[in-house]
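Participant: Everything below, folded, please.
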Amino acid sequence: ARRSVAVGGGGLRLGARGRARRATNVNGTMVAAASGDGASASPAMEDPTGPGGDDDRGGDSGDDENDGEFPWPEWVPEGLRLNTEDVATVLVTFAVSLLFRATIAEPRFIPSLSMYPVFDIGDRLIAEKITYRFKHDPVPGDVVIFHPPKTPKTSVALTKEVFIKRVVAVAGDKVEVKRGELYVNDASRGKELKLEPSTYVMEPQIVPPGDVFVMGDNRNNSFDSHIWGPLPKENILGRACFKYWPPQKFGELPRYPARVGAVPERY
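Facilitator: Numbers count the residues shown, from 1 in each chain. Predicted structure coming up:
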């Protein structure tokens, strides 16, 4: 303070400049801008990697910790929040399952008694989709799953349901029901597997080209071709090949014990 008084106003200016230099050593960026010394300010402003300049590296480590996290909504419980890899695995598995069901085979369960005694309510089966696509058309005795055709006896909603019945005749066959029995080409058919004699009569009819005739083994409690007519082959989804539930019924399905006459592979 005494030195500044001795030299006058000039000493006061030197003293102020000296304080600016000493302060620059502490915090160059802020004080250099205040002192107006551009040359000394540039190095401090252009050196983001100096002491205390590690914020960018700290930010990178935070991003690495979030890599692979799926952006789940807040309402999803923590225990159900899968990462990106798990989500991809689930989606691929689901897609493969849908493809398998659409092209190879699918499980089905029995909701009614129309196929009793071969199938009971709650029985589960596998229906394969390879045979009719690559080998041959349905043959008498096959159990098939299908969408019913649109007829005056079937509603639009019903045509979207999946039925299960047995093929009893194919294109060109004459079908009729009389004296409690089904007759195909004037020969009795299917009496070995049916539950009881039919209580109705069906006049003879010829199965059209490209169609099959399907009936339930429980003749008197089945909504089938004897009510709504022949079934187009394109409505068939697959062939039931074996039961897997309940365990005591596991195995292949019973067929007609008598050999059916020769049927063309494609008709």
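Participant: which residues touch stretch 169-182?
Facilitator: 137-140, 168, 183-186, 188-191, 194, 197-213, 215, 219, 226, 263, 267 (CB atoms under 8 Å, 6 or more residues apart in numbering). Quick note: C-beta positions are derived from backbone N, CA and C, even for glycine.
Participant: Give me the buried positions along it.
Facilitator: Neighbour counts over stretch 169-182 (16 or more other CB atoms under 10 Å) mark 169, 170, 171, 173, 175, 176, 177, 182 as buried.
Participant: Which single one of the residues you listed is nearest to residue 123?
Facilitator: Nearest to residue 123 among those is residue 182, at 23.1 Å by CB to CB.
Participant: Can you read off the pLDDT for that closest one?
Facilitator: Residue 182 is assigned 95 on the pLDDT scale.
Participant: CA atoms only: put the helix or strand harbouring it into CSV for me.
Facilitator: Per DSSP states H and E, residue 182 falls inside strand 181-184. Extracted as CSV, the C-alpha positions of strand 181-184 are listed here (Å, rounded to 0.1, in the frame of the first residue of the first chain):
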residue,chain,number,x,y,z
GLU,A,181,-75.5,-96.8,-41.2
LEU,A,182,-73.3,-94.7,-43.5
TYR,A,183,-73.0,-96.2,-47.0
VAL,A,184,-70.3,-95.1,-49.5
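Participant: Residue 117 - that's part of a helix, no?
Facilitator: No - secondary structure of residue 117 (DSSP: H, G, I helix; E, B strand; the rest coil): coil, not part of a helix.
Participant: So for it, what pLDDT did the model give?
Facilitator: 91.
Participant: rewinding a little: partners of the strand holding residue 182, with directions?
Facilitator: strand 174-178 (antiparallel), strand 187-188 (antiparallel) (DSSP bridges).
Participant: quick revisit: only whichever of the contacts of stretch 169-182 are buried, select them in ChimeraX.
Facilitator: A single ChimeraX command selects the buried members of the contacts of stretch 169-182 (16+ other CB under 10 Å):
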select :137,138,139,140,168,183,184,189,190,194,198,202,205,207,211,212,213,215,219,226,263,267
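Participant: so of the contacts of stretch 169-182, which ones are in helices?
Facilitator: If you go by DSSP state H, those have residue 226 in helices.
Participant: Out of the contacts of stretch 169-182, name the ones that lie in strands.
Facilitator: 168, 183-184, 188, 202-206, 211-213, 215 (DSSP state E).
Participant: Pick out the most distant pair among those residues.
Facilitator: 188 and 211 (21.7 Å).
Participant: Going along the chain, name the strands of the protein.
Facilitator: Here the chain has its strands, by DSSP E, at 105-109, 124-128, 143-146, 163-170, 174-178, 181-184, 187-188, 202-206, 211-215, 231-232, 236-245, 251-252.
Participant: Of all the ones you listed, which one is nearest residue 77?
Facilitator: Closest approach to residue 77 among those is made by strand 105-109 (30.1 Å; CB to CB).
Participant: Spit out the contact partners of residue 138.
Facilitator: Counting by CB under 8 Å, 6+ apart, residue 138 touches 132, 144, 167, 170, 212, 233, 236, 239.
Participant: at 10 Å instead, please
Facilitator: The neighbourhood of residue 138, defined by CB atoms under 10 Å, 6 or more residues apart in numbering, consists of 131-132, 144, 146, 166-167, 170, 212, 214, 231, 233, 236, 239, 263, 267.
Participant: now residue 103
Facilitator: By CB under 10 Å, 6+ apart, the contact list for residue 103 reads 129, 130, 133.
Participant: most surrounded residue in those?
Facilitator: Counting neighbours by other CB atoms under 10 Å, residue 129 leads the contacts of residue 103 with 19 neighbours.
Participant: Count the residues that sit near the closest residue to residue 215 other than its chain neighbours.
Facilitator: The spatially closest residue to residue 215, leaving aside those adjacent along the chain, is residue 224, at 4.7 Å (CB to CB, 6 or more residues apart in numbering). By the criterion of other CB under 10 Å, residue 224 has 20 neighbours.
Participant: could you check the distance from residue 224 over to residue 216?
Facilitator: Plainly put, residue 224 is 5 Å away from residue 216 if you go by CB to CB, to the nearest Å.
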